[in-house]
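# Sequence first, predicted coordinates after that:
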Amino acid sequence: MSNNNSAIVSKVWSFCNTLRDDGVGYGDYLEQLTYLLFLKMADEYTKPPYNRKLPIPAAYTWESLVDLKGAELEAHYTIMLRELGKEKGILGQIFTKSQNKIQDPAKLSKIIAMINNEQWLMMGVKDKGDIYEGLLEKNAEDTKSGAGQYFTPRALIKAMVECVNPQPMKTIADPACGTGGFFLAAYDYLVEHHQLDREQRQFLKYNTFFGNEIVASTRRLALMNLFLHNIGDIDSDNFISPADALIADTGIRYDYVLANPPFGKKSSQTFTNAEGEQEKEDLTYNRQDFWATTSNKQLNFLQHIRSILKTTGMAAVVLPDNVLFEGGAGETVRKRLLDTTDVHTILRLPTGIFYAQGVKANVVFFDNKPSSKDPWTKEIWVYDYRTNVHHTLKKNPLKLEDLRDFITLYNPENRHKRTETYNSETNPEGRWRKFSYDEIIARDKTSLDITWLKDKSLADLDNLPDPDVLAEDIIENLEAGLESFRTILVALEK
């Protein structure tokens, strides 16, 4: 990053810290920055050498803001946000349900001046993206806001993309796209690994990515994040739908699905009862293309992802442990998935890598297939990167290098050529092991929650992890236990 752009990053961060003193969190600051950056870049597009005509009403352009001060600025900005939210396309989506969260007009004026002093279109795509991604990550770290559930560790995303090895002129979907992390990683991978011609570049920019995000504030961050990374355009169609992806099958099929569906087992909807009080009820989706009707959110997402894949499509999905071992609907879904797709790889993830506490998760890789009388899954390769692995968000965060061994053994260039590292006699601590379809089917409830390594901390008291790592593990387990008790309590109350 150039010195000039580093200085801009410092300015952006300094304003963020100043506003936090006034009670404006990272999320609120990010939203305001999104509105203002979008308008400033739109203004730059209307001038030489671009000279574009954009669908922003003349009364609410960037220039209508820059000379205003005090109460007049605050009033105009508030009206502007409301009116732009009524527009169509990406413009309307960026400003949907937008509100002014900066109550001090003087500080709002300073942010406008900071943005106005820079030519954002002249700045490198990577630098603009780095500024925004940095803010998104800081926002995810703010546990009180709950934004962490929309932020998947970027190292994990990059590893998943590298394994799937997406190709040009193919479509990529994420039915719960959060702030767009999978799309950005796939975009970078395609640009870095292929010499794209003009047609391929256009397809990558406008026709590759399709997502859903039901939370308006998160969807606007995703749209801006993609726009700053050169995906889509100010006046292009909106490729992130506000609709609940699970409601219905749109009939559209994709080449790849990369996703980390939201944590929490139950899908629910809020309603007002006869006494006027807000209540929640479990939400089930009655879809003919689903194998099982359930209120388990992740099982529904897994079924939906299989449905929207082309018969040649490939998926990599982050799923919690319960999806791998739960009976009832879980067992039904696993058996049907093994039969109708090639479930070829499972990566067991360590704890301490997600911003949401108490998460024990895995990445499941599977390829969709046409209908067949014989099961498509022949063998499943499991890489255990959980047992005897300790990560924490601050002291030892997950890095791409940590997953390099898995990526190499996965062999993205030809996953049919693989070699086990596990051997019961010569290497019982090998993390990479394959299991046949018959072995899997013979397991209780067709469980895919497979482990074979010994937990060294249980056997060797002299080899215990650091106290802070142990504390993190205890918190993770307590959070997971509490979530299970809440589920039982809800069931008992019914």
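Sure thing, it's come through.

# List the buried residues of stretch 21-32.
Of the residues in stretch 21-32, Val24, Gly25, Tyr26, Gly27, Asp28, Tyr29, Leu30, Glu31, Gln32 count as buried by neighbour count, 16 or more other Cβ atoms under 10 Å. All C-beta atoms are positioned from the backbone trio N, CA, C, and that covers glycine.

# ok, the fifth one - contacts?
To tie it back to what came earlier, the one meant is Asp28. Leu19, Lys101, Ile102 (Cβ atoms under 8 Å, 6 or more residues apart in numbering).

# Verify the stated contact: the second one with Leu30.
No: applying Cβ atoms under 8 Å as the test, Lys101 and Leu30 come out as separate, 10.1 Å apart.

# His229 touches Leu184, doesn't it?
Yes: applying Cβ under 8 Å, one finds His229 in contact with Leu184, separated by 5.3 Å.

# Between these two, which is the more surrounded one?
Neighbour totals were compared for His229 and Leu184, and Leu184 leads with 25 against 20 (other Cβ atoms under 10 Å).

# SS state for the more buried one?
Three-state assignment for Leu184 (DSSP: H, G, I helix; E, B strand; the rest coil): helix.

# next one: Phe365
Three-state call for Phe365 (three-state DSSP): strand.

# who's sitting farthest from the centroid in the protein?
Farthest-out residue of the chain from its mean C-alpha position, per Cα atoms, centre = their mean: Glu425, at 40.3 Å.

# name the element it belongs to?
Element membership for Glu425 (DSSP states H and E) is empty, with no helix or strand holding it.

# okay, it: pLDDT?
The model reports Glu425 with a pLDDT of 92.

# How much space separates it from Glu413?
Note on Glu425: its distance to Glu413, by Cβ to Cβ, to the nearest Å, is 30 Å.

# residue boundaries of the strands in the stretch 301-450 of the chain?
Counting by DSSP state E, counting those that start in this stretch, the stretch 301-450 of the chain has strands at residues 309-320, 341-348, 361-368, 379-384, 432-436.

# For Leu221, give me the pLDDT.
The model reports Leu221 with a pLDDT of 87.

# Next: Ala173.
Reading off the model, Ala173 has pLDDT 98.

# Quick check: it is in a strand.
Yes: assignment of Ala173 by three-state DSSP places it within a strand.

# show me the residues around it that make contact.
Residues in contact with Ala173 (Cβ under 8 Å, 6+ apart) are Phe209, Phe210, Gly211, Tyr254, Tyr256, Val257, Leu258, Ala259, Ile308.

# same thing with Asn238?
Each residue near Asn238 by Cβ under 8 Å, 6+ apart is listed here: Gly89, Ile90, Gln93, Leu223.

# What is the burial count for the third one?
In this case it means Gln93. As a burial measure, Gln93 scores 21 neighbours (other Cβ under 10 Å).

# Do I have it right that it meets Arg219?
Yes: between Gln93 and Arg219 a contact is recorded at 6.5 Å, counting by Cβ under 8 Å.

# what is in contact with these two at once?
Ile240, Pro242.

# So for stretch 92-105, what gets flagged as buried?
Across stretch 92-105, burial judged by 16+ other Cβ under 10 Å covers Gln93, Ile94, Phe95, Thr96, Ser98, Asn100, Lys101, Ile102, Pro105.

# which pair in those spans the largest distance?
Every pair in those was compared (Cβ to Cβ); the two farthest apart turn out to be Gln93 and Pro105, at 26.9 Å.

# dump the residue contacts of the closest residue to Ser436 other than its chain neighbours.
Closest residue to Ser436 apart from its sequence neighbours, by Cβ to Cβ, 6 or more residues apart in numbering: Glu379 at 5.2 Å. Shown in contact with Glu379 (Cβ under 8 Å, 6+ apart): His344, Lys434, Phe435, Ser436, Tyr437.

# From the residues you listed, keep the buried residues only.
For those, a burial check counting by 16+ other Cβ under 10 Å picks out His344, Lys434, Phe435, Tyr437.

# Reformat the buried residues of stretch 92-105 as a markdown table; add pLDDT.
Listed next are the buried residues of stretch 92-105 as a markdown table, based on pLDDT from 0 to 100:
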| residue | pLDDT |
| --- | --- |
| Gln93 | 87 |
| Ile94 | 89 |
| Phe95 | 92 |
| Thr96 | 89 |
| Ser98 | 92 |
| Asn100 | 93 |
| Lys101 | 89 |
| Ile102 | 88 |
| Pro105 | 92 |
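
# With distance to Ala176 and secondary structure as extra columns, can I get the residues you listed in JSON lines?
Listed next are the buried residues of stretch 92-105 as JSON lines, based on distance: Cβ to Cβ, whole Å; DSSP: H, G, I helix; E, B strand; the rest coil:
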{"residue": "Gln93", "distance to Ala176": "17", "secondary structure": "helix"}
{"residue": "Ile94", "distance to Ala176": "20", "secondary structure": "helix"}
{"residue": "Phe95", "distance to Ala176": "22", "secondary structure": "coil"}
{"residue": "Thr96", "distance to Ala176": "18", "secondary structure": "coil"}
{"residue": "Ser98", "distance to Ala176": "22", "secondary structure": "coil"}
{"residue": "Asn100", "distance to Ala176": "29", "secondary structure": "coil"}
{"residue": "Lys101", "distance to Ala176": "25", "secondary structure": "coil"}
{"residue": "Ile102", "distance to Ala176": "30", "secondary structure": "coil"}
{"residue": "Pro105", "distance to Ala176": "37", "secondary structure": "helix"}
